[in-house]
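> build me a model:
(one chain, ligands or ions: 1)
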Amino acid sequence: MDLSPNTQLTGLAIPVEGMHTREERLNPFPWFEKMRKTSPVTYDEHRSSWDLFRYDDIVAILKDPVTFSSVRPTAGPVLLGSIIGMDPPKHHQMRNIVSKAFTPKAISELEPRIAEVVHELVNPLKTKQQMDLIHDISYPLPVIVIAELLGVPPEDRQLFKDWSDVIVKMPEDSTENEVQSFFRERQKTRQELDDYFMKVVTERRKNPREDLISRLVHAEVDGQHLTDHEIMEFCILLLAAGNETTTNLISNAIRKFIEEPHLQEQLRQQPELMEKAIEEILRYYSPVLATNRVVTKDTEIGGKQIKKGDQVIAWIASANRDENKFPVADQFKVDRTPNQHLAFGNGAHFCLGAPLARLEARVALPIILSSFHNMEFPEGTELTPIPSTFVYGVKALPVQYNPA
Ligand code: HEM
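Sure thing, here's the model as predicted:
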């Protein structure tokens, strides 16, 4: 198994071809298509791992956690001591308990507050004509929402934001200095987060409140509770798994609405299309490009022999453009139905935060569309992709607009 710094850093090391240049990272879809058609299950010696590109193969591995284990050396910027890195039966127990606290009802109750936060972010931009949508809206929104969900007090918000930054940060380059300072910073942050959440968990045990941490403290299935350490791991996972992904969902949506400007007016006129539009964004510009698994016994995928111990990389973003599953897969169809994309994964580890991510997008996008008209890229804009093979998005999204 390749544990080179590159693998550890990106979670999923860069494939030999397909995602190197700026253009390829911004638009990896032609490469995915080529691989689906020519080498849908392929071994990459350089990264010692199998790459899977077809929808059916990817669903098959995500649905079989016994053969394809989530206990793996790395999974992008997320933390593997937590639920996302567990297998059954432990995963099942843990998921049952956290689901008791992270309920659809608890999430839907956040709607009015999410709208308030979006308005707070959008209002100062109404007197301007240009913004960086990521810096100004889609980055702060999920950080504030998760902080409030967890019960982080407003005075700790900045601290919390700084920690979130470090957790999702990637090194600027692969020089030894940069890599070392990246690891040092991440370790320091992890320690600070551990200390912070330990204190909050201890406090909430004594004085429960109406927040997620208090609910996690009390969540119980068959007499089983979470330990303080498990609660802390889960809280930190939410920062890592929930922030940058949601940022990218919202900014990838606005990017698409600028690339196909008729969508802006169409969605203003037909707001009932928004839910389907969000599903299509999730499919078309999947915020998570890939996830990985480790093979627990010799097996076969697409006629290829895969050995116990091998790593497989499931290219979710390729599955979501698979022409055998989605007619005219490379076209953005705002009302696509059905749309069984894999943006939130599939099987046992299906994203626990999907209702929250969908809600944030469903609240934020109509407010953005009604506040800013004729959104476009300022002349000369060159989008810079996030340097990751795990998440898909751009670093900044400059937008020029007419305030409504
Ligand atoms: C798992 C995507 C937002 C929490 C996953 C997985 C994917 C994913 C693909 C499965 C990973 C695997 O099978 O290895 C996304 C996308 C999001 C998003 C595209 C936004 C658009 C969120 C949010 C939260 C969250 C907002 C929480 C606040 C989780 C958790 C898991 C998970 C806890 C692990 C579930 C388990 O292992 O049982 N997510 N996610 N995600 N996600 Fe999300």
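
> contacts only, for the closest residue to Ser370 other than its chain neighbours.
Sequence neighbours aside, Ala404 is the residue nearest to Ser370 in space, at 6.0 Å (criterion: CB to CB, 6 or more residues apart in numbering). From N, CA and C alone the C-beta is placed, and that goes for glycine too. Residues near Ala404 by CB atoms under 8 Å, 6 or more residues apart in numbering: 126, 370-373.

> for ChimeraX, write a command that selects the buried ones of those residues.
Selecting the buried subset of these in ChimeraX, with 16 or more other CB atoms under 10 Å as the burial test, is done by:
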select :371,372
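
> so which of the contacts of Ala404 are in strands?
Among these, DSSP state E puts 372-373 in strands.

> can you add distance to the ligand and give the contacts of Ala404 back as TSV?
Shown next, in TSV, are those (distance: CB to the nearest ligand atom, whole Å):
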residue	distance to the ligand
Lys126	26
Ser370	22
Ser371	22
Phe372	22
His373	26
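
> tell me the one of the contacts of Ala404 nearest Thr38?
Nearest to Thr38, judged by CB to CB, of the contacts of Ala404 is Phe372 at 42.4 Å.

> number of residues surrounding the nearest residue to Val295 once chain neighbours are set aside?
Nearest in space to Val295, with sequence neighbours left out and distances taken as CB to CB, 6+ apart, is Asp310 at 4.7 Å. For Asp310, the count of nearby residues is 17 (other CB atoms under 10 Å).

> Asp310 contacts Asp51, doesn't it?
No: judged on CB atoms under 8 Å, Asp310 makes no contact with Asp51 at a distance of 11.4 Å.

> how much space between the spatially most central residue of the chain and Arg215?
What sits nearest the mean C-alpha location of the chain, by CA atoms, centre = their mean, is Thr245, with 2.8 Å. Going from Thr245 to Arg215 by CB to CB, to the nearest Å gives 22 Å.

> quick check: residues of the stretch 201-350 of the chain near the ligand?
Proximity of the stretch 201-350 of the chain to the ligand (CB under 6 Å from any ligand atom) is limited to residues 237-238, 241-242, 245-246, 249, 287-288, 291, 343-345, 349.

> dump the residues you listed to CSV, plus secondary structure and pLDDT.
Listed next are those as CSV, based on DSSP: H, G, I helix; E, B strand; the rest coil; pLDDT from 0 to 100:
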residue, secondary structure, pLDDT
Leu237, helix, 89
Leu238, helix, 90
Ala241, helix, 86
Gly242, helix, 89
Thr245, helix, 94
Thr246, helix, 97
Leu249, helix, 98
Pro287, coil, 97
Val288, strand, 95
Thr291, strand, 93
Ala343, coil, 98
Phe344, coil, 98
Gly345, coil, 98
His349, helix, 96
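
> of the residues you listed, just the buried ones, PyMOL syntax please.
Those of those that count as buried under 16+ other CB under 10 Å are selected in PyMOL with:
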select buried, resi 237+238+241+242+245+246+249+287+288+291+343+344+345+349
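
> and which of the residues of the stretch 201-350 of the chain next to the ligand is nearest Arg336?
Of these, the one sitting nearest to Arg336 (CB to CB) turns out to be Ala343, at 12.9 Å.

> run through the residues that contact the closest residue to Lys126 other than its chain neighbours.
Nearest residue to Lys126, sequence neighbours excluded (CB to CB, 6+ apart): Pro403, at 4.7 Å. Neighbour list for Pro403: 125-129, 371-373 [criterion: CB under 8 Å, 6+ apart].

> do you know how far Pro403 is from the ligand?
Pro403 sits 28 Å away from the ligand, taking CB to the nearest ligand atom, to the nearest Å as the criterion.

> list the residues that contact the residue of the stretch 251-400 of the chain found nearest the ligand.
The stretch 251-400 of the chain approaches the ligand most closely through Gly353 (1.9 Å), counting by CB to the nearest ligand atom. Contacts for Gly353 were tallied using CB under 8 Å, 6+ apart; they are 102, 238, 241-242, 245-246.

> again, only this time at 7 Å
By CB atoms under 7 Å, 6 or more residues apart in numbering, Gly353 lies in contact with 241-242.

> quick check: the gap between Trp31 and the ligand.
On the measure of CB to the nearest ligand atom, Trp31 and the ligand end up 20 Å apart.

> Provide a list of residues in contact with that residue.
18-19, 24.

> please redo it, this time with the cut-off set to 6 Å
Gly18 (CB atoms under 6 Å, 6 or more residues apart in numbering).

> with Leu150 instead?
212-213, 235 are the contacts of Leu150 under CB under 6 Å, 6+ apart.

> before we move on, what about Ile213?
Per CB under 6 Å, 6+ apart, neighbours of Ile213: 150-151, 200, 204.
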